[in-house]
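K.L.:
what's the 3D shape of this:
(one chain, ligands or ions: 2)
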Amino acid sequence: MSDRDDLLNLIKELAVVHGKVILSSGQEADYYVDLRRITLHAKAAPLVGRVLRELTQDWDYEAAGGLTLGADPVGTAMLHASGGEIDSFVVRKAEKKHGMQQRVEGPSVAGRRVLVVEDVSTTGGSPLTAVEALREAGADVVGVAFIVDRGASAAIEAAGLPCRYAFSLADLGL
Ligand SMILES: O=P(O)(O)OC[C@H]1O[C@H](OP(=O)(O)OP(=O)(O)O)[C@H](O)[C@@H]1O
Ligand SMILES: O=C(O)c1cc(=O)[nH]c(=O)[nH]1
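P.N.:
Ligands and ions are numbered 1, 2, ... in the order given. Predicted structure coming up:
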């Protein structure tokens, strides 16, 4: 079995939760894909890194990350995966008020080509918030990549950014 097959099986087994939930956007839904159960899982996290590196292997970027918290272990998994050295970064939901007062944490992204990642995206609001903060920090955003697309890829593309994802809702049987 491939890394992609192994990751898909783990997501189906561990992360799909049925029942009424409120999503980040305020929308109501009948199921949740809790990918923190995957991105923080000993066996699944390395698969996330390899699958997203493979998915974006023809894109030229020097660092990967996104809006905290869902994106954080995705960027870190990619940093640890083979395929050439990349950094990671964390985009805070708001600028830190003390210390270095950064919105984007990690090695500087100014003047560098970066990839925005997410665990799962529904509206595109979270990755597009990260894109805006990264551009303000002087980064060149080359594209956006998710583990699961819950419908956001059209909004990302409408904003003029290429978007790729490892799995659709149909892949998950949802
Ligand atoms: O913004 P959307 O494109 O619709 O995507 C949904 C967002 O919801 C989740 O995070 P959540 O807002 O629950 O916050 P967390 O990462 O801090 O847990 C997920 O990690 C995405 O960031
Ligand atoms: O839209 C969201 O907030 C959302 C949906 C989902 O399935 N999983 C998740 O972590 N967030």
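K.L.:
Give me the most central residue, the protein.
P.N.:
What sits nearest the mean C-alpha location of the chain, by Cα atoms, centre = their mean, is Glu118, with 1.7 Å.
K.L.:
ok, now which ones touch that one?
P.N.:
Gly66, Leu67, Gly70, Ala71, Val74, Ser126, Pro127, Val144, Ala145, Phe146, Ile147, Ala152 (Cβ atoms under 8 Å, 6 or more residues apart in numbering). Where C-beta positions appear, they are placed from N, C-alpha and C, glycine not excepted.
K.L.:
So which of these are in helices?
P.N.:
Within these, residues falling in helices by DSSP state H are Val74, Ser126, Pro127.
K.L.:
Make JSON lines from those and add neighbour count to it.
P.N.:
Putting the ones in helices among the contacts of Glu118 into JSON lines (neighbours: other Cβ atoms under 10 Å) gives the following:
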{"residue": "Val74", "neighbour count": "27"}
{"residue": "Ser126", "neighbour count": "25"}
{"residue": "Pro127", "neighbour count": "29"}
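K.L.:
which one of those sits closest to Asp171?
P.N.:
For the ones in helices among the contacts of Glu118, the closest approach to Asp171 (Cβ to Cβ) belongs to Val74, at 17.4 Å.
K.L.:
my read: the closest one touches Val48, true?
P.N.:
Yes: counting by Cβ atoms under 8 Å, Val48 is a contact partner of Val74 at 6.1 Å.
K.L.:
could you dump stretch 53-65 to PDB, C-alpha only?
P.N.:
Taking C-alpha atoms only, stretch 53-65 is exported to PDB below (Å, rounded to 0.1, in the frame of the first residue of the first chain):
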ATOM      1  CA  ARG A  53       5.600  16.900   0.000                       C
ATOM      2  CA  GLU A  54       4.800  14.500  -2.900                       C
ATOM      3  CA  LEU A  55       1.600  16.500  -3.700                       C
ATOM      4  CA  THR A  56       3.500  19.700  -4.100                       C
ATOM      5  CA  GLN A  57       6.800  18.300  -5.400                       C
ATOM      6  CA  ASP A  58       6.800  20.400  -8.600                       C
ATOM      7  CA  TRP A  59       6.100  23.700  -6.600                       C
ATOM      8  CA  ASP A  60       9.200  25.700  -5.600                       C
ATOM      9  CA  TYR A  61       9.000  26.800  -1.900                       C
ATOM     10  CA  GLU A  62      11.400  27.300   0.900                       C
ATOM     11  CA  ALA A  63       9.000  27.000   3.900                       C
ATOM     12  CA  ALA A  64       5.500  25.600   4.700                       C
ATOM     13  CA  GLY A  65       3.000  26.500   7.400                       C
END
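K.L.:
mind listing what's buried in that stretch?
P.N.:
Arg53, Leu55, Thr56, Tyr61, Glu62, Ala63, Ala64, Gly65 (16 or more other Cβ atoms under 10 Å).
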